[in-house]
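Novice: the following block contains a protein sequence and its predicted model.
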Amino acid sequence: MKNRSFRIIVLIICISGLILSSCIQINSHKSDDTTAAEEETSAPQTETDYDYDIVENDFMKEQRYYLNSLGNADFSGSTVLIATPTPSLIDEESALPAMSKEIEYRKRDLKNKFNVELASKTVDPDTLYTSVYNACLANDYFADLLMIPQYYIIQYVTDGILFNMNSLPFTDFGSGYNIETGTEAAQALSSAWAVASWTTLDPGGLPAVFFNKELAAECGLEDPYKLVKDGKWTWDAFFEYCSALNELNAKRADEGLPAVRSYGSQNTAVVLSDIIYFSEGNRFITAGLGNYPTVAVDPAAASHTADTLQRLFNDDNKETNSIGAIGEFASGNSLFLIDRLETMKTISTSDAVWGILPMPKRDADQAKYVSLAPSDTLFFAIPSNCTGSEKVSRTMSCLNVLSLGYCVDAYLTDSMYYYLRDNESISSVEKICYGVTYDMAYTAGAYDPAIPNSTYFAVRNVYENNHDLQFYTDAYSYAASAALTRLFP
């Protein structure tokens, strides 16, 4: 996106206003001043009082373009009901202040565009599945839109209770308001079972590297924030810091001080290996509408990842117990902590002076920092007995357009006000959010053992059992691709 630095400055100004006035003042999608460009949009304009003048940015221009592409319709004030296990993404009463305002504006703009009211109900994942299954079996109404965890999609598909969204009108999954990998993760050939978007994303689940700023300074290396800004925050840079910390520990021992940990992480057996694999720009499965789903694990390209995993897990100065890792870091006894962004809530009042970095890249030439979405991240889907496909399609697309840019900005604003401790963290968290990537392996892994055996199990076994990645890809890739084609005909 353009105008990154400008929007970060605006966020900082917003936070300053929060502190001075003790109230949240959030950007709206539209300015009070009606410009000629705004008159061209098909969305009806209404008079609304805002807290302060809004400087139009690139998201407003993109929104007008994409909203126009959705055409015009009037659904007479009817309701679209969304069933979700995470109400804070869709219900303003459940969200933090900035996100709450963003949801409120989004509902207003949806109503202005299509005269649709948005409602939601909170249902845990298991109850959601059971309710949808029973409703489809009896041809009863349960909800118009579903927000289901990625790992659960396969159960819905195999039971035949999801609508194939490939036949939806007014839905362009290849459009720029969608997340490319968020469509590929649940779509292939002529089947589109679900889609992840900026509306369904909870950034708190994305991986991050928390770092102790005081210990980092003592290591005497280039500032981590500058490395991130220059695109040089790589795994080699991470390990340089770990080596410098070992030297620092020798000095601490001479001074009678206890040693500090190089890093801690939430789980080295399952989660961390996958996060690192993707942070280096790798994929498990490539797919997308019109494309065959294909296992994309390249043993040669992934060999660097295998080396990274070995270097990381062979570090005797690590802490791999989740509770212990967070405790060590919070008390100032660990240089790095690799965990979800939501961990900032736990350590926000800790003694440690900390900051946030994205997951390191493979090398400086890698295009961007990559954040693997967890398998419990939510996707939009539609029950198979849907009867109002046009209204549901326009509503889902409109929500995704209106969420473009602004939901991430709202998350940044709330995080800065409640949790973050320095301005540089805003830029890091933004890079983490816009580096999000999804993969079909976590959608379809439960369908056939060959799928995980050729993807995430293969990577995890590289260090767990010292196996060769080539062995798994040769043994299971063909069977996995065949199983995926059956799942996505």
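Specialist: Thanks, I have the structure now.
Novice: quick one: the strands in the stretch 351-489 of the chain?
Specialist: Secondary structure of the stretch 351-489 of the chain (DSSP state E, counting those that start in this stretch): strands located at 354-357, 371-372, 378-381, 436-437.
Novice: the third one packs against which elements?
Specialist: Contacts of strand 378-381 with other secondary structure elements, assessed using 3 or more CB pairs under 8 Å, 6 or more residues apart in numbering; DSSP states H and E, are made with strand 145-149, helix 153-158. No exception for glycine: its C-beta is placed from N, CA and C like everyone else's.
Novice: packing partners of the first one?
Specialist: Under the contact definition 3+ CB pairs under 8 Å, 6+ apart, strand 145-149 sits against strand 78-84, helix 125-138, strand 378-381, helix 389-403.
Novice: so for Lys251, which of the ones you listed sits nearest?
Specialist: strand 378-381 (47.5 Å; CB to CB).
Novice: wait, which of the helices and strands packed on strand 378-381 is closest to Ala185?
Specialist: Ala185 sits nearest to helix 153-158 of all those, at 8.7 Å, using CB to CB.
Novice: tell me the buried residues in the helix or strand that the closest one is followed by?
Specialist: Note on helix 153-158: by DSSP states H and E, the next helix or strand toward the C-terminus is helix 180-184. By neighbour count on 16 or more other CB atoms under 10 Å, the buried set for helix 180-184 is 181-184.
Novice: packing partners for helix 180-184?
Specialist: Partner elements for helix 180-184 (3+ CB pairs under 8 Å, 6+ apart): strand 288-289, strand 436-437.
Novice: could the C-alpha coordinates of it be exported in PDB?
Specialist: Extracted C-alpha coordinates of helix 180-184, given in PDB (Å, rounded to 0.1, in the frame of the first residue of the first chain):
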ATOM      1  CA  GLU A 180      -4.700 -13.400  -2.500                       C
ATOM      2  CA  THR A 181      -3.600 -16.300  -0.300                       C
ATOM      3  CA  GLY A 182      -6.800 -16.000   1.700                       C
ATOM      4  CA  THR A 183      -8.700 -17.100  -1.500                       C
ATOM      5  CA  GLU A 184      -6.200 -19.700  -2.600                       C
END
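Novice: so how far is that helix from its chain's centroid?
Specialist: Remark: helix 180-184 is offset 12 Å from the chain centroid, using CA atoms, centre = their mean, to the nearest Å.
Novice: cool, and stretch 190-198?
Specialist: With CA atoms, centre = their mean, you get 15 Å for stretch 190-198.
Novice: over to stretch 210-223?
Specialist: That offset, for stretch 210-223, works out to 27 Å (CA atoms, centre = their mean).
Novice: list the contacts of it.
Specialist: Contact with stretch 210-223 is made by 224, 232, 237, 240-241, 244-245, 248, 260, 329, 332, 334-339, 343-344, 347, 352-357, 422, as judged by CB atoms under 8 Å, 6 or more residues apart in numbering.
Novice: how long is it from one end to the other?
Specialist: The first and final residues of stretch 210-223 sit 14 Å from each other (CA to CA, to the nearest Å).
Novice: ok so, going back, out of the contacts of stretch 210-223, which sit inside strands?
Specialist: The strands in this structure, assigned by DSSP state E, contain 334-339, 354-357 from those.
Novice: returning to that earlier point: wait, which of the strands of the stretch 351-489 of the chain is closest to Ser78?
Specialist: When those are compared by CB to CB, strand 378-381 sits nearest Ser78, at 18.9 Å.
Novice: sorry, back to before: buried deepest among the helices and strands packed on helix 180-184, which one?
Specialist: Ranked by mean neighbour count, the helices and strands packed on helix 180-184 are led by strand 436-437 with a mean of 21 (mean count of other CB atoms under 10 Å).
Novice: within the sheet, what are the partner strands of that one, with directions?
Specialist: Using DSSP bridges, the strands paired with strand 436-437 are strand 371-372 (parallel).
Novice: re earlier: got the ones in strands among the contacts of stretch 210-223 as TSV, with distance to Thr286, pLDDT and neighbour count columns?
Specialist: Output for the ones in strands among the contacts of stretch 210-223, formatted as TSV (distance: CB to CB, whole Å; pLDDT from 0 to 100; neighbours: other CB atoms under 10 Å):
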residue	distance to Thr286	pLDDT	neighbour count
Ser334	37	92	28
Leu335	36	94	27
Phe336	31	95	26
Leu337	32	94	26
Ile338	26	93	28
Asp339	28	92	25
Trp354	36	96	26
Gly355	34	96	20
Ile356	30	97	28
Leu357	28	98	26
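Novice: now the strands of the stretch 351-489 of the chain in a markdown table, with distance to Asp474?
Specialist: What follows is the strands of the stretch 351-489 of the chain, written out as a markdown table (distance: least, CB to CB, whole Å):
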| stretch | distance to Asp474 |
| --- | --- |
| strand 354-357 | 36 |
| strand 371-372 | 25 |
| strand 378-381 | 31 |
| strand 436-437 | 26 |
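Novice: hmm, Val157 is touching Ala188, no?
Specialist: No: using CB atoms under 8 Å, Val157 makes no contact with Ala188, being 11.6 Å away.
Novice: give the residue spans of the stretch 251-400 of the chain that score low on pLDDT.
Specialist: For the stretch 251-400 of the chain, applying pLDDT under 70 flags the ranges 266-270, 320-323.
Novice: need the helices for it, in chain order.
Specialist: Secondary structure of the stretch 251-400 of the chain (DSSP state H, counting those that start in this stretch): helices at 271-279, 303-313, 322-330, 343-347, 389-403.
Novice: the first one packs against which elements?
Specialist: With contacts defined as 3+ CB pairs under 8 Å, 6+ apart, the packing partners of helix 271-279 are helix 303-313, strand 371-372, helix 456-464.
Novice: run the angle between it and helix 456-464 for me.
Specialist: Angle, helix 271-279 to helix 456-464, by axes from the mean of the first three to the mean of the last three CA atoms, to 10 degrees: 110 degrees.
Novice: next one: the second one
Specialist: In this structure, helix 303-313 runs at an angle of 50 degrees to helix 456-464, with the same axes, to 10 degrees as the basis.
Novice: what sits up against helix 303-313?
Specialist: By CB under 8 Å, 6+ apart, helix 303-313 touches 235, 239, 263, 268, 272-273, 276-277, 280, 282, 318, 362, 459, 462-463, 469.
Novice: which of these tops the neighbour count?
Specialist: Tyr277 (27 neighbours; other CB atoms under 10 Å).
Novice: ok, that one to Glu222 distance?
Specialist: 26 Å (CB to CB, to the nearest Å).
Novice: got it, and Tyr292?
Specialist: As judged by CB to CB, Tyr292 and Glu222 stand 44 Å apart.
Novice: same check, this time on Met165
Specialist: According to CB to CB, Met165 and Glu222 sit 47 Å apart.
Novice: more neighbours: which of those two?
Specialist: Between Met165 and Glu222, counting by other CB under 10 Å, Met165 is the more crowded of the two (25 against 15).
Novice: looking at it, that one is touching Ser384, isn't it?
Specialist: No: the criterion here is CB under 8 Å, and Met165 misses it with Ser384 at 11.0 Å.
Novice: rewinding a little: any idea which of the buried residues of helix 180-184 is the one closest to Asp439?
Specialist: Asp439 has its nearest neighbour among these in Thr181, at 6.9 Å by CB to CB.
Novice: that closest one against Asp439, yeah?
Specialist: Yes: between Thr181 and Asp439 there is a contact under CB under 8 Å: 6.9 Å.
Novice: including mean neighbour count and distance to Thr305, could the helices and strands packed on strand 145-149 go into TSV?
Specialist: Listed next are those as TSV, based on neighbours: other CB atoms under 10 Å; distance: least, CB to CB, whole Å:
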stretch	mean neighbour count	distance to Thr305
strand 78-84	19	34
helix 125-138	16	31
strand 378-381	25	26
helix 389-403	24	32
